[in-house]
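Undergrad: I'll drop the sequence and a predicted model, then ask my questions.
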Amino acid sequence: MADASPEIVPVSAFRDNYVWTLRQVGPNGRHAAVVDPGEAAPVLEYLAREKLELAAILATHHHADHVGGIAELRKKFDVPVYGPRSEPIATLTHPVSEGDEVSVPELGVTFSVLDIPGHTRAHIAYYGAGALFCGDTLFACGCGRLFEGTAEQMYASLQKLLALPNDTKVYCGHEYTLANIGFAMGVEPGNAALAAREKRDRRLREAGKPTLPSTIGEERATNPFLRCREPAIVDSVNKYLGARVSDPVRVFAAIRDWKNRA
Ligand SMILES: [Zn+2]
């Protein structure tokens, strides 16, 4: 029997956004769902080219580069729009929060909703079919900026994602990977897994390919924001601060501050 999981393809939007597009596998597949359509035009082009009908729209948070295309898409496809219950997104039809499930029956998938505040006040993730759609919270080798939340909230949100199985595929909202790896190598220069990742992801970008998805296991091994208890990282942070801290939330906050200034 064929694998029922949908195929997940990136549709590029703006300069470095990805609109993750889930599509039915197989010759009879004609449905798709999109995550964080900041722009409608590239999505509409993709759906028309591939002869796909939209079945659902999922949003992770309220920033315009993630939800700006929803109204336009709904003019053509009258589909449910899922998104965070406590954020101002006028186009939502189905507000959700942690504990809720989102099913797209046309694609045979169901996602659990996780609350992961920090980048925004009520940012959510969708987890299911071995995939995580985490918007601007966890990036490949990085994390989102703290626009509406605290370091404590973001740290807890990242720890929640880190508790998912290592082989979970991580689909984040932007192609920031090479810049993130460059920063990470300055924080943890002795990390061999990070050096290997840099080589591989540089080749992918040189070939014009996305570096995503990554996996939770790979993030665990290379992402400094998930490694706040590593002695080498704590040492680096103490040098950066010129002070001794070891509490992982304070280490996290210092790395976030360091990255903002880098
Ligand atoms: Zn954002």
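TA: On my side now, so go ahead. Numbering: from 1, shown residues only.
Undergrad: tally of neighbours for Asp136?
TA: Asp136 has 25 neighbours, counted by other Cβ atoms under 10 Å. C-beta: built from backbone N, CA, C; applies to glycine.
Undergrad: With Thr222 instead?
TA: A count of nearby residues for Thr222, using other Cβ under 10 Å, gives 25.
Undergrad: Who's the closest spatial neighbour of it, skipping the chain neighbours?
TA: Counting by Cβ to Cβ, 6 or more residues apart in numbering, Thr222 lies nearest to Leu194, which is 4.5 Å off, once chain neighbours are set aside.
Undergrad: same thing with Gly128?
TA: Gly128's closest residue in space is Phe111 (Cβ to Cβ, 6+ apart), at 3.7 Å.
Undergrad: how far out from the middle of the chain is the helix or strand harbouring Leu194?
TA: Using DSSP states H and E, Leu194 maps to helix 192-206. Taking Cα atoms, centre = their mean, to the nearest Å, one finds the center of helix 192-206 at 19 Å from the center of the full chain.
Undergrad: thinking again about what came up before, shouldn't the residue nearest to Thr222 be in contact with Glu218?
TA: No - look at Leu194 against Glu218 with Cβ atoms under 8 Å: they stay out of range, at 9.9 Å.
Undergrad: could you list every residue that touches the residue nearest to Gly128?
TA: Going by Cβ atoms under 8 Å, 6 or more residues apart in numbering, Phe111 touches Leu58, Glu101, Val102, Ser103, Tyr126, Tyr127, Gly128, Ala129, Phe133.
Undergrad: right, and out of those, which lies closest to the ion?
TA: Closest approach between the contacts of Phe111 and the ion, by Cβ to the ion: Phe133, at 13.2 Å.
Undergrad: Three-state assignment for that closest one, please.
TA: Using DSSP: H, G, I helix; E, B strand; the rest coil, the structure places Phe133 in strand.
Undergrad: partner residues bridging it?
TA: Counting by DSSP bridges, Phe133 is bridged to Tyr126, Tyr171.
Undergrad: give me the number of residues near it?
TA: Phe133 has 24 neighbouring residues, counting by other Cβ under 10 Å.
Undergrad: I'd like to know how many residues surround Ala13.
TA: Using other Cβ under 10 Å, Ala13 has 22 other residues around it.
Undergrad: again with Val25
TA: For Val25, the count of nearby residues is 14 (other Cβ under 10 Å).
Undergrad: do the same with Arg229
TA: If we define neighbours as other Cβ under 10 Å, then Arg229 has 11 of them.
Undergrad: Show the pLDDT at the nearest residue to it once chain neighbours are set aside.
TA: Nearest non-adjacent residue to Arg229, counting by Cβ to Cβ, 6+ apart: Pro248, 5.4 Å away. Note on Pro248: pLDDT of 98.
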